[in-house]
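Asker: just coords:
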C-alpha cells in the first residue's frame, strides 16, 4: 500500500509529536530586502539531535514497533541520521547500532555515543558499510532503517513542512535541500496535501546535482564526485524518494560552493543562528533566482545545525 | 531626581517597545544538565542591531526629545553601541554622528553605515575620541550620549531583564556581563523592582576585572590591560553605573579567557545560536561556580551576537 496521503501524514505527525520539538519559524527583515521575497525559515537546526532527521527516524521506529517486537535498529550513516536514529531509539527504549566508516569525524562519533548509539566501524566504502549492517542485522535481529529511502522516514520528514504551513498562511514555495530526497520528498507531499497552491522546490549543490539530472533524465543518476561542502547532500535519490519527487517537484535550483558558503555566512551574521552548509543551499537558491522568488512567500527548510566549528569555511 | 524606580523602568519599557524586538528566552536541556542549574537564555543576540544596546540608546533619545528639539546625537564607540545609536536615531529621524578610532574593524564601520550613522574617524585614544565628539557637538548641536554611563541608557538596558522576569517565574539569579555597567546596572534594577527575591550577578573577564575590584575597594578602579576576547567588556564602570551596582549587586564572578571561549563554543554547538564572547561570560560564570548555581533558576543575559566570523577563536 502507498502511505502517501494527507491522513497518513497527519497521523505520522500526531505519533511523533511527543518525541520532537516544534521548531520556530524565524524571519529576517534584511534577508527579505536582499532577496526581494518574504522568507520564512523553518529552523530544524533547533530540532532535537540538531536536525530534522529525528522526525523520520522516530516515525520509522514507531511503525516498525507496531508491526511486532523490535530487538534493535541498525543503519549506516556518517551524518545527522546516525545521531537522530540513536536519539529516536533511546527515546523509545530500543538499541541502535550505527555503522560508521573508520574515517568519520570524531565529532560525529561523539554525537552518536552521547545519544546512546553503539558504533561499529568499517572500511570507508558503501559495500563494507552494507555488509557490516547486514551482519549486525543477522546477529542481533536489528531492523535496518535507511536514512532517506524509506516511505515512513520520508513521511516523517514531511512533518517539518506541515508545521511550517500551519504557521504561515498562503506560502507560495517550500524550498528544501535535496540529497537522498527524504526531506524534499516529504516536503513535497506536505506542500501538496496541506498547502494551498504551495510548490516544493529543491535546492542542490551544482557539484552533486544528481537530483537535477535525474529529473531531466527520468531515471536515477549518480554523481561523479562528492566534492561539496554540503556534506549532507552527497547521497543520491532512491527507489522511494525519486518517484515522489518526480511526481511533485518541478524545479530544482543548483548552486555553487561559493554561493552556499556566502548564504551560510549571511544567515550566521544576520540571523545569529548556526546552520550547516546543507541548509544554506536553500537561501543560496533563493538568492540565485531572484526572478523566480521575487514577491513570493517562501519557506526555507533549514535542515540542521551540526557543524564542526573547528573547520569553518569562513 | 533619581530615575530609578519601578514606575520609571516600566514607563521606559512602554516607550521603547515600538522600536525593539521582544527577544525569545531559550533553554537547553544539555546545558541544564552540564551546569546543574535551570538556565534561561534571554537572547539579545536576536535584538535589532544585534545587541541589547538599542534599548538604552532608544530610551536616551526619547528622553532627550521630550526635553526639546534634538538636532542630532553623537557618541564615541567602536562597538555595539555605535550601531545601536545609529539605528535608534534612524528610527526616530535624527542624525547620528559616530566617532570611531581609525583602527576600528571594517565590519563595525560597515554596521554603523548600514544603519545610517555618519562616521568620524580619529586617533585611537580616549582623549582624541572625546575631543572629536565635543567638536561635533559644538558644530552641529548634537547631544552626546554615553554608551553606558547614563541613567536613561541604564534604565533602557534593564528592560531586557524585565522581559525575562515577565516570562520566567521565580527566577533566583539574573547573570549579566559587566563592562561599563549599563547592562548589569539595569539588570540589577529590574531584578530588584520586578523579581521576587531575584539577585543580579555580574560576570566579568578576569583580565579586565575592574568591576570586581571596584566593588571590593568601594571606588571605581581601572584596568591595567584590555587584553580580553570579550571586546564589549573592556570599558570601566562610571559615575552613574557604579553606585547602582554597589547598591544592588553582591557577587561578580570572574572567568578566564579559556572559560569564555569554551562557553561560547558550547552555546554555538549545542544551542545553534551565534553569541559574542562578551555574552559567553555569563555561561562561563555559571559553569565556574557550580555550588552557587546548582538547582537555581538562573537567567543569562545574552547581550549580543556581533562576531567577526573571519576571526573566530575556535
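Answerer: Yep, that arrived. This one's a predicted model, so the numbers in the text were calculated from it and none came from an experiment. Numbering: from 1, shown residues only, chains lettered A, B, ... in the order given.

Asker: Report the secondary structure element holding the closest residue in space to residue A:118 that isn't next to it in sequence.
Answerer: Closest residue to residue A:118 apart from its sequence neighbours, by Cβ to Cβ, 6 or more residues apart in numbering or on different chains: residue A:97 at 5.3 Å. C-beta here means a position set from N, CA and C on the backbone, and glycine is covered the same way. Under the criterion of DSSP states H and E, residue A:97 resides in strand A:96-101.

Asker: just how off-centre is that strand within its chain?
Answerer: Between the centre of strand A:96-101 and the centre of its chain there are 18 Å (Cα atoms, centre = their mean, to the nearest Å).

Asker: how many degrees apart are whatever helix or strand comes next after it and strand A:96-101 in direction?
Answerer: Where DSSP H and E defines the elements, the next helix or strand beyond strand A:96-101 is helix A:106-114. If you take axes from the mean of the first three to the mean of the last three Cα atoms, to 10 degrees, helix A:106-114 sits at 170 degrees to strand A:96-101.

Asker: Show residues contacting helix A:106-114.
Answerer: Here helix A:106-114 makes contact (Cβ atoms under 8 Å, 6 or more residues apart in numbering or on different chains) with A:49-50, A:78-79, A:82-83, A:86, A:98, A:100, A:119, A:306, A:308.

Asker: okay, the residues you listed in CSV with distance to residue B:297, neighbour count and pLDDT next?
Answerer: Formatted as CSV, the contacts of helix A:106-114 follow (distance: Cβ to Cβ, whole Å; neighbours: other Cβ atoms under 10 Å in any protein chain shown; pLDDT from 0 to 100):
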residue, distance to residue B:297, neighbour count, pLDDT
A:49, 26, 27, 92
A:50, 26, 25, 94
A:78, 39, 20, 75
A:79, 36, 25, 83
A:82, 35, 28, 94
A:83, 30, 30, 94
A:86, 31, 29, 97
A:98, 36, 29, 97
A:100, 39, 24, 93
A:119, 37, 17, 96
A:306, 29, 25, 92
A:308, 33, 14, 89
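
Asker: filter those residues by proximity to chain B?
Answerer: Counting by Cβ under 8 Å from any Cβ of the partner chain, the subset of those that neighbours chain B consists of residue A:50.

Asker: Tell me which of the contacts of helix A:106-114 fall in helices.
Answerer: Members of the contacts of helix A:106-114 lying in helices (criterion: DSSP state H): A:82-83, A:86.

Asker: Show me what from chain A comes close to chain B.
Answerer: Near chain B, when you scan chain A using Cβ under 8 Å from any Cβ, you find A:24, A:45-46, A:50, A:265, A:268-269, A:272-275, A:305, A:309-310, A:312, A:314.

Asker: Give the buried subset of these as a ChimeraX selection command.
Answerer: This is the ChimeraX syntax for the buried subset of the residues of chain A next to chain B, where burial follows 16 or more other Cβ atoms under 10 Å in any protein chain shown:
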select /A:45,46,50,265,268,269,272,273,274,275,305,312
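
Asker: ok, back up a step: so who does the residue nearest to residue A:118 touch?
Answerer: Contacts of residue A:97 (Cβ under 8 Å, 6+ apart): A:72-75, A:117-118, A:120, A:133, A:136, A:140, A:142.

Asker: ok, now residue A:214?
Answerer: Residue A:214 touches A:220-221, A:236-237, A:242, counting by Cβ under 8 Å, 6+ apart.

Asker: Could you export the residues you listed as TSV, including neighbour count and secondary structure?
Answerer: Formatted as TSV, the contacts of residue A:214 follow (neighbours: other Cβ atoms under 10 Å in any protein chain shown; DSSP: H, G, I helix; E, B strand; the rest coil):
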residue	neighbour count	secondary structure
A:220	18	coil
A:221	18	coil
A:236	22	coil
A:237	28	coil
A:242	21	helix
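
Asker: now those as a markdown table including pLDDT and distance to residue A:61?
Answerer: Formatted as a markdown table, the contacts of residue A:214 follow (pLDDT from 0 to 100; distance: Cβ to Cβ, whole Å):
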| residue | pLDDT | distance to residue A:61 |
| --- | --- | --- |
| A:220 | 98 | 26 |
| A:221 | 98 | 31 |
| A:236 | 95 | 24 |
| A:237 | 97 | 23 |
| A:242 | 98 | 24 |
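
Asker: Most widely separated two among these?
Answerer: A:221 and A:242 (9.9 Å; Cβ to Cβ).

Asker: Most proximal residue of the stretch 1-150 of chain A with respect to chain B?
Answerer: Across the stretch 1-150 of chain A, no residue is closer to chain B than residue A:45, which sits at 4.5 Å (Cβ to the nearest Cβ).

Asker: Where does that residue sit: helix, strand or coil?
Answerer: Under DSSP: H, G, I helix; E, B strand; the rest coil, residue A:45 falls in the helix class.

Asker: I figured it hits residue A:277, correct?
Answerer: No: using Cβ atoms under 8 Å, residue A:45 makes no contact with residue A:277, being 11.8 Å away.

Asker: show me what contacts residue A:3?
Answerer: Neighbours of residue A:3 in contact, by Cβ under 8 Å, 6+ apart: A:151-152, A:155.

Asker: wait, residue A:184 sits on residue A:211?
Answerer: Yes: Residue A:184 lies in contact with residue A:211 (Cβ under 8 Å); the separation is 7.5 Å.

Asker: Identify the contacts common to the two.
Answerer: Common neighbours of residue A:184 and residue A:211, counting by Cβ under 8 Å, 6+ apart, are A:178, A:202, A:245.

Asker: where along the stretch 101-250 of chain A do the strands fall?
Answerer: Secondary structure of the stretch 101-250 of chain A (DSSP state E, counting those that start in this stretch): strands located at A:118-122, A:143-144, A:173-177, A:199-205.

Asker: Indicate which one of those strands is closest to residue B:290.
Answerer: Here strand A:118-122 is closest among these (Cβ to Cβ), at 30.6 Å.

Asker: buried ones in the closest one?
Answerer: Buried residues in strand A:118-122, counted by 16+ other Cβ under 10 Å: A:118-120, A:122.

Asker: Just to confirm, what's the three-state secondary structure of the closest residue to residue A:85 other than its chain neighbours?
Answerer: The shortest distance from residue A:85 to any non-neighbouring residue, by Cβ to Cβ, 6+ apart, is to residue A:57 (4.5 Å). The three-state assignment at residue A:57 reads helix, by three-state DSSP.
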